[in-house]
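In: pasting the sequence and the predicted model now:
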Amino acid sequence: MDETKMMDFVGRAVGDVGALLGGAMVVIGDKLGLYRSMAGAGPLTPAELAARTGTAERYVREWLCAQAARGYLTYDGIGDGDGLFSLPAEHATPLTDETSPACVIGAFEIALGSVYATDTIAERFRTGEGYAWGAHDRHVLGGCERFFRPGYLNHLASEWIPALDGVEAKLGAGARIADVGCGHGASTILLAEAYPAAHVVGFDAHDGSIEAARKRAADAGLTDRVHFEVATATTFTGTYDLICFFDCLHDMGDPAGACAHVREHLAPDGTLMIIEPYANDDIADNLTPVGAAYYGFSTLLCTPSSLSQDVGTALGAQAGEARLRGIVTRAGFSSLRRVAETPFNIVLEATP
Ligand SMILES: C[S@@+](CC[C@H](N)C(=O)[O-])C[C@H]1O[C@@H](n2cnc3c(N)ncnc32)[C@H](O)[C@@H]1O
């Protein structure tokens, strides 16, 4: 055994302990508005930040030190007393701006919510049973919405829909869209906003998510042309020009059955758009920082979700395009084409 390599590993593992706890620090910083108060404010003392945010100075001081140790904040010296800390502009956008594609806040919220289920999922390793999406902590559901929405906001109407064959013109003219597995409806609402003539229906198996989605649509003043219904990917009704699966096909128990159901509910020249987590076909190519995050989410959220349902295919969040192609083509689609990708997503177009 190489002692130096072992100590390198120990150093990395200690860094990971700091990262795990740092995730909770980020969620606290977001929840209490600590980052938002620091953005553009220059160096602040713990007392100044506590006063700006209505929080207790002693807790804020500890949080500032923890965040400076992780390199999220800079420590600018002792100043007049307890030290000065600032949030660099390059960190402020990812930590405060939910309209930016660089936003990372939602990733921390869903990650924190996921680890709450650690004991439950460890038990599922013994029994092989699943754990439904809707059974997770509310940080998983809200964090998922906040994690994916910035990508949808920045790419969906500007790049992904235009990349599909002939779909943008149809949506502009008033097509029918189904967003299946819509969660809190972030993508559903963005589609309705981008294509005012279209009629959009969001379906999800989880009733609490549909309730949240209905509230989002009401808040956006879109209830006349966005509707949400509780239904699974194998029970939803209606005929659509575009059916979408946003980051959810791999969470389903029966993705093949879902695609076959879509095939029956598409208009004759309709399109299925599948957005999935970014993944390569070969495991070795997924052993990256993004892959590590997705395999972690997949172990705690996606695989248990699929195993909790009939069939229980359990594709996992890193299934890769080749595996998805097999499922889609066996369901009766003639082609599957990758039309776009980001560091977090691949966008696939399936046509009958
Ligand atoms: C990772 S979340 C994605 C939510 C949303 N599409 C988004 O991008 O923010 C997966 C969603 O799929 C839903 N889901 C899982 N299995 C389903 C099924 N068989 N039919 C319909 N929805 C399902 C879950 O309830 C959850 O809302």
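Out: Thanks, I have it.

In: write out the residues of the chain neighbouring the ligand.
Out: Proximity of the chain to the ligand, by CB under 6 Å from any ligand atom, involves residues 133-134, 144-145, 148, 180-183, 186-187, 204-206, 209, 232-233, 246-248, 251-253, 305, 309. For the C-beta atoms, the positions are set from N, CA and C on the backbone; glycine is no exception.

In: and for Ser224, the neighbour number?
Out: I think there's a mix-up here, since residue 224 is Asp and not Ser. By the criterion of other CB atoms under 10 Å, Asp224 has 9 neighbours.

In: and for Arg176?
Out: 18.

In: just give the nearest non-adjacent residue to it, would you?
Out: Ranked by CB to CB, 6 or more residues apart in numbering and with sequence neighbours excluded, the top spatial neighbour of Arg176 is Tyr240, at 4.7 Å.

In: the one you found and Val180 touch, don't they?
Out: No: here Tyr240 lies out of contact with Val180, judged by CB atoms under 8 Å, at a distance of 9.4 Å.

In: those two: which is more packed in?
Out: The neighbour comparison of Tyr240 against Val180 (other CB under 10 Å) goes to Val180, with 27 against 23.

In: quick one, longest strand in the protein?
Out: strand 266-277 (DSSP state E).

In: how far is that strand from where the chain is centred?
Out: Strand 266-277 sits 20 Å away from the centroid of its parent chain (CA atoms, centre = their mean, to the nearest Å).

In: stretch 291-311 now?
Out: Counting by CA atoms, centre = their mean, stretch 291-311 is centred 13 Å from the centre of its parent chain.

In: quick check: buried residues in it?
Out: If you call a residue buried by 16 or more other CB atoms under 10 Å, then stretch 291-311 has these buried ones: 291, 293-295, 297-309.

In: show me the residues you listed that map onto helices.
Out: Among the buried residues of stretch 291-311, the residues falling in helices (DSSP state H) are Gly291, Ala293, Tyr294, Tyr295, Phe297, Thr303, Pro304, Ser305, Ser306, Leu307.

In: can you redo those as JSON lines with pLDDT?
Out: JSON lines is the format used below for those (pLDDT from 0 to 100):
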{"residue": "Gly291", "pLDDT": "97"}
{"residue": "Ala293", "pLDDT": "96"}
{"residue": "Tyr294", "pLDDT": "97"}
{"residue": "Tyr295", "pLDDT": "98"}
{"residue": "Phe297", "pLDDT": "98"}
{"residue": "Thr303", "pLDDT": "98"}
{"residue": "Pro304", "pLDDT": "98"}
{"residue": "Ser305", "pLDDT": "98"}
{"residue": "Ser306", "pLDDT": "98"}
{"residue": "Leu307", "pLDDT": "98"}
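
In: can you pull out the low-pLDDT segments for the stretch 151-300 of the chain?
Out: Within the stretch 151-300 of the chain, no stretch falls below the threshold (pLDDT under 70).

In: follow-up on the earlier one: between the ones in helices among the buried residues of stretch 291-311, which sits nearest Ser334?
Out: Ser306 (25.9 Å; CB to CB).

In: so what's the residue in the stretch 151-300 of the chain that the ligand sits nearest to up against?
Out: Minimum separation of the stretch 151-300 of the chain from the ligand (CB to the nearest ligand atom) falls at Gly183, amounting to 2.7 Å. By CB atoms under 8 Å, 6 or more residues apart in numbering, the contact set of Gly183 is Leu141, Cys144, Glu145, Asp204, His206, Ser209, Ala213, Phe246, Cys248.
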